[in-house]
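S.K.: sequence? don't have it. structure:
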């Protein structure tokens with residue numbers, strides 16, 4: 001029986017060798033497969049990042065254009081405001097001048113009324129004394 005065990009053991013060596021070879025080949029294939037999967041994941045991730053970056057760049061361009069339009073609008077509004085302020089200042093000066101003229105005219109009217117009253121009084125006094 002010892003020889004049968006020896007023959008069975010010797011017959012089992014190629015099976016064990018085949019199993020070890022299959023394991024190593026499988027492990028190498030898995031590593032190659034993992035590298036291939038990692039490369040695919042990397043490419044997909046890189047593609048997603050590139051798309052996200054392109055989208056962000058488009059958004060930045062859009063926002064910069066909007067900012068430029070708003071800056072131009074603010075500049076136009078500042079110019080208009082300055083013009084309105086100049087007009088307001090000129091109108092205030094005109095109002096002040098007109099108020100001064102009205103006061104002067106009020107004084108003139110009061111003086112003329114006094115003169116008319118005096119003349120009227122003298123006129124009646126002159127007429128009553130012929």
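M.R.: Done, it's in. A quick note: this is a predicted structure, and the numbers were derived from the prediction, not measured. Numbering: from 1, shown residues only.
S.K.: which of the helices or strands spans residue 56?
M.R.: Following DSSP states H and E, one finds residue 56 within helix 2-128.
S.K.: so where's the protein uncertain?
M.R.: 1-9, 11, 37, 123-130 (pLDDT under 70).
S.K.: please repeat the previous calculation with a cut-off of 50.
M.R.: 126-130 (pLDDT under 50).
S.K.: pull the distance from the helix holding residue 56 to the chain's centre.
M.R.: Distance, stretch centre to chain centre, for helix 2-128: 1 Å (CA atoms, centre = their mean, to the nearest Å).
S.K.: so what's residue 84 up against?
M.R.: For residue 84, no residue meets the contact criterion (CB atoms under 8 Å, 6 or more residues apart in numbering). In this view, the C-beta of every residue, glycine as well, is placed from N, C-alpha and C.
S.K.: how near is it to residue 94?
M.R.: 15 Å (CB to CB, to the nearest Å).
S.K.: try residue 122
M.R.: With CB to CB as the criterion, residue 122 and residue 94 are 41 Å apart.
S.K.: same deal with residue 53?
M.R.: 61 Å.
S.K.: which of the residues in stretch 112-126 are buried?
M.R.: Within stretch 112-126, no residue is scored as buried using 16 or more other CB atoms under 10 Å.
S.K.: sorry, that was for stretch 102-113
M.R.: Per 16+ other CB under 10 Å, stretch 102-113 contains no buried residues.
S.K.: same thing with stretch 70-88?
M.R.: For stretch 70-88, it's none, nothing buried (16+ other CB under 10 Å).
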